[in-house]
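Undergrad: I would like the atomic coordinates for the input below:
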Amino acid sequence: MGKILSREALGEAVDRLHRGGSKIAFTNGCFDILHVGHVQYLEAARREADVLIVAVNSDASVRAIKGEKRPLVPEGERAAVVAGLAAVDFVTLFSEQTPLDLIQSLRPDVIVKGGDWKEGRRRPGRRPRLGRPRHDHSGNRGRLHDESRGEDPRNVRPAMRNA
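TA: Below is the predicted model of the structure:
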């Protein structure tokens, strides 16, 4: 079985892992411009559990969140790059603007967000992000991991244009 799974196949894998006593961590993101901060945060997320699931926003979801000029990298390539990281056990794509439905169906033990995530953060004209790191109705616990040591992707794009 590969690392990139459909939502249905991932659900089956998670059920098996839970029955076997594995602790599951979940995180999500666009991962449009993967940088060292992402890698550090995913490695930290992996240390929170036996298995790390990363949900990658689909192209349509990224456009809805970040605007029409995004993503820069197609969803299949973004998923493959994330799946290529040793810290990541499974990757799935999701098309919603938030991972709430996926979190509720998978019921991970830990929800991990990167250090750039802020609870209640709203960007003008955009819906607030869900999947916040906190205890929820199913007993999930949340963790924030600071990825500030890494390069901010907002600084990478202008550098790429000028190269």
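Undergrad: Please count neighbours and contacts with C-alpha atoms only from this point.
TA: Will do.
Undergrad: Just the buried positions in the longest helix anywhere in the chain, please.
TA: Longest helix in the chain, counting residues (DSSP state H): helix 7-19. Within helix 7-19, the residues scored as buried using 16 or more other CA atoms under 10 Å are Arg7, Leu10, Gly11, Ala13, Val14, His18.
Undergrad: ok, now stretch 92-102?
TA: Applying 16+ other CA under 10 Å to stretch 92-102 flags Thr92, Leu93, Phe94, Glu96, Gln97, Thr98, Pro99, Leu102 as buried.
Undergrad: Same check on stretch 75-89?
TA: Of the residues in stretch 75-89, those buried (16+ other CA under 10 Å) are Glu75, Arg78, Ala79, Val82, Ala83, Ala87, Val88, Asp89.
Undergrad: mind listing what the first one touches?
TA: By CA atoms under 8 Å, 6 or more residues apart in numbering, the residues touching Glu75 are Val56, Asn57, Ser58, Asp59, Leu93.
Undergrad: okay, and for the chain, where does confidence drop off?
TA: For the chain, the stretches with pLDDT under 70 are 1, 115-163.
Undergrad: make it 50
TA: 117-139, 143-153, 155-161, 163 (pLDDT under 50).
Undergrad: what ranges do the helices span in it?
TA: 7-19, 36-46, 59-66, 75-83, 100-106, 153-161.
Undergrad: Give me the contacts around the third one.
TA: Applying CA under 8 Å, 6+ apart, the external contacts of helix 59-66 come out as Cys30, Lys69, Arg70, Pro71, Pro74, Glu75, Phe94, Ser95, Glu96, Gln97, Arg126.
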